[in-house]
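Enquirer: I need the structure of the sequence given here:
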Amino acid sequence: MTDVSLLHFREELEKELKENILPWWMKYSPDRELGGFYGHIDHQNRVVHGAGKGAVLNARILWTFSAAYRIYNRAEYLETALRAYDYITTCFIDKKYGGVYWELEPDGRVRYSRKQVYATAFAIYGLAEYHMACGESEPLNIAKTLFRDLEAHAFDREHNGYTEALSRRWQPLEDLRLSEKDQNENRTMNTHLHILEAYGNLYRIWKEPALSEALKNLIGLFLTHFVDGEKSRLNLFFDERWNLKSTLVSYGHDIECAWLLHEAAIISGDKGLAARTGELAIQMARANRRGLSENGGLRYEYFPETGEVDSDHHWWPQAEAMVGYFNAFQLSGEQEFLDRSLGSWKFIKEYLIDRELGEWYWGVDARGKPQTVKEKAGFWKCPYHNGRACMEIIRRTGDEIEHINNK
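Expert: Numbers count the residues shown, from 1 in each chain. Okay, the predicted model is just below:
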């Protein structure tokens, strides 16, 4: 692979980010009447009125536009990040009991006050990025407080790990599920992955010993419980005593974890963990080929007990595959991983980008037909996966081009 080819890859993704993804979110998602961002925009870019506003959507918008501003220094990106920051701190932060509310009414009143740990983690992630973008101390101070909230209320000191959800006053709940499709278990890989991501981003700017300890402990939980070392894939659901409760395989989470876990280890400053997770990232990327379809897309899930495969191709696994495979290429030098990363981008270009109405489809079925009944923006459909993938590849290809030119 030449620097010219890498430059072309980089230029295509920069164009996608700056001319499609970010402009779409700035044009369609702000709720200029009631504040914040609309909770649901359908395939035709129409607002679905009455939809709740989710903490995850708002925190991911905060992260995306803060990160984009740090790269391009464009005022409109910082303005969008500020809009998300103001709405989160005004409406989502629980000023009495700590943490963030799960969902608001369209007018900003609380709809569901539960403390889903996943949502608080994303608030930390976004606030840390916003602090790096604007340089103000308040976002960092709020992120520090949210970190302490999770450590005080969600961390299980007896059995290790973080519970999935608690009530507004941090009391136990019977239904812990992040979404209707999830199992009702106390320990989930997904929530721990994004706590890991949030704590890593916070640790970049706050070298607190307690945070360092928590970050390394999370990495240890992945190495001990969440990653199946023999199969090089993830275990998704456990009870509070770490008894495995599922055999489900999530191809998108596998490849996302492959690079995020390695990144967290690097941030931690532990060279031994960085080396170990680097090898694991290569192994997980190699094993992830089981989820690839012939056209380069990544299937959604596999159910080992029945042999059934969910062959839908959702938007976010394709974005994460692009980064996860490129990371494995950087670590190993193996051309196959770069080819897979480019194959993911080719699939995205051919099937997922909505050339008429903008942004990406939620997904396509096994035949490549867009799932137009699903939203363009919503509780889970945010600019974070595709926006971050573009920014990661832009940075990483730049590093590789520099490396080639310096040889």
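Enquirer: In the stretch 151-300 of the chain, mark out all the strands, start to finish.
Expert: Using DSSP state E, counting those that start in this stretch, the strands of the stretch 151-300 of the chain run over 165-166, 187-188, 227-228, 233-234, 237-238, 249-250.
Enquirer: and these, which is most packed in?
Expert: Comparing the strands of the stretch 151-300 of the chain by mean neighbour count (mean count of other C-beta atoms under 10 Å), strand 187-188 comes out on top with a mean of 28. Just so you know, the C-beta spots here come from the backbone N, C-alpha and C atoms, and that holds for glycine as well.
Enquirer: which helices and strands does that strand pack with?
Expert: Counting contacts by 3 or more C-beta pairs under 8 Å, 6 or more residues apart in numbering; DSSP states H and E, strand 187-188 packs against strand 237-238.
Enquirer: which residues sit against the strand it packs on?
Expert: 161, 182-183, 185-189, 225, 244-246, 248 (C-beta atoms under 8 Å, 6 or more residues apart in numbering).
Enquirer: nearest to residue 67, of those?
Expert: residue 189 (24.0 Å; C-beta to C-beta).
Enquirer: Let me see the ranges of the helices in the stretch 251-400 of the chain.
Expert: 251-268, 271-287, 315-332, 335-347, 384-405 (DSSP state H, counting those that start in this stretch).
Enquirer: how about those helices, which one is nearest residue 307?
Expert: Among the helices of the stretch 251-400 of the chain, helix 251-268 sits nearest to residue 307 (C-beta to C-beta), with 15.1 Å.
Enquirer: The closest one: which residues count as buried?
Expert: Across helix 251-268, burial judged by 16 or more other C-beta atoms under 10 Å covers 251-265, 267-268.
Enquirer: hmm, back to that, for the contacts of strand 237-238, please prepare a markdown table with the additional fields pLDDT.
Expert: Output for the contacts of strand 237-238, formatted as a markdown table (pLDDT from 0 to 100):
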| residue | pLDDT |
| --- | --- |
| 161 | 98 |
| 182 | 96 |
| 183 | 97 |
| 185 | 98 |
| 186 | 98 |
| 187 | 98 |
| 188 | 98 |
| 189 | 98 |
| 225 | 98 |
| 244 | 98 |
| 245 | 98 |
| 246 | 97 |
| 248 | 98 |
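Enquirer: Just the closest of those to residue 275, please.
Expert: Among the contacts of strand 237-238, and counting by C-beta to C-beta, the member closest to residue 275 is residue 225, at 20.4 Å.
Enquirer: for the closest one, what are its contacts?
Expert: Contacts of residue 225 (C-beta under 8 Å, 6+ apart): 161, 187, 235, 238, 242.
Enquirer: Tabulate those (CSV), appending distance to residue 167.
Expert: Formatted as CSV, the contacts of residue 225 follow (distance: C-beta to C-beta, whole Å):
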residue, distance to residue 167
161, 19
187, 18
235, 27
238, 21
242, 24
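Enquirer: of those, closest to residue 14?
Expert: Lowest distance from residue 14 to the contacts of residue 225 (C-beta to C-beta) belongs to residue 235, with 36.6 Å.
Enquirer: wait, isn't that closest one in contact with residue 228?
Expert: Yes. Between residue 235 and residue 228 there is a contact at 5.7 Å, judged by C-beta atoms under 8 Å.
Enquirer: Does residue 20 touch residue 356 like I think?
Expert: No. The pair residue 20 / residue 356 is not scored as a contact, 11.6 Å apart, by C-beta under 8 Å.
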